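Asks: show me how the following folds:
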Amino acid sequence: MAKFDILPGITFVDRNDWGADQSIPRLGHRVGRTRRTHVIIHHTVTPDSSDSSPNLWETQDEVFKMMGRLQKIRPDLGKDVPYNFVVFLMKKAGSVMVCEGRGEDRTGAHTSGQNTKGIGVAFCGNFEDDISDADVSSRMHLISQFLGWLKFDPSHPDYGQFDPM
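Replies: Below is the predicted model:
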């Protein structure tokens with residue numbers, strides 16, 4: 001089980017901790033870490049419809065429920081989260097929760113022709129409407145720090161030991 005703070009404001013949650021349905025196999029093919037050359041940023045177009053802040057997440061339970069939904073939402077791509085990681089902008093100012101989707105060493109199903117080279121990171125929500133630029137831009141340094149952690153020091157006693165990219 002792995003749920004830990006990478007740095008203040010960045011909480012990481014692996015598949016076991018957010019409650020991935022174990023009857024659904026993790027999809028994607030193994031990819032050597034050195035083959036990764038870029039990051040592809042998406043948004044899931046799945047806002048939080050339970051309150052008045054559709055792109056900000058109030059609780060861990062809301063986040064975990066949405067991750068379960070994302071695991072099953074695109075059967076055309078196979079029943080699994082299509083992204084390597086999903087980022088939730090938490091209502092608590094200046095914080096994010098990063099949930100493991102397929103993980104760092106697997107192909108995603110996010111961008112045709114780029115799923116081996118690029119790591120897919122999706123912001124959970126619909127960022128075409130209903131969010132100010134400040135809500136995203138004020139947290140971009142956290143995403144950058146997460147990606148730096150993933151590239152240079154992705155090991156943690158509760159998560160596993162991985163070679164840097």
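
Asks: stretch 13-21: end-to-end distance?
Replies: 15 Å (CA to CA, to the nearest Å).

Asks: buried residues, that stretch. List them.
Replies: 13, 14, 15, 17, 18, 20 (16 or more other CB atoms under 10 Å). To be clear about C-beta, it is placed using only N, CA and C from the backbone, and glycine gets the same treatment.

Asks: mean confidence score for it?
Replies: Per-region confidence: stretch 13-21 scores 94 on mean pLDDT.

Asks: what's the first helix or strand after the helix or strand of the chain with the lowest mean pLDDT?
Replies: Using mean pLDDT, DSSP states H and E, the weakest-scoring helix or strand in the chain turns out to be helix 133-137, at a mean of 70. Using DSSP states H and E, the helix or strand that follows helix 133-137 in sequence is helix 140-152.

Asks: what mean pLDDT does that next one have?
Replies: The pLDDT scores in helix 140-152 average 88.

Asks: show me what that helix packs onto, helices and strands only.
Replies: Here helix 140-152 touches strand 3-7, strand 10-13, strand 85-90, strand 95-100, strand 118-123, going by 3 or more CB pairs under 8 Å, 6 or more residues apart in numbering; DSSP states H and E.

Asks: who's in contact with that helix?
Replies: 6-7, 9-10, 12, 39, 85, 87, 94-96, 98, 104, 119, 121, 164-165 (CB atoms under 8 Å, 6 or more residues apart in numbering).
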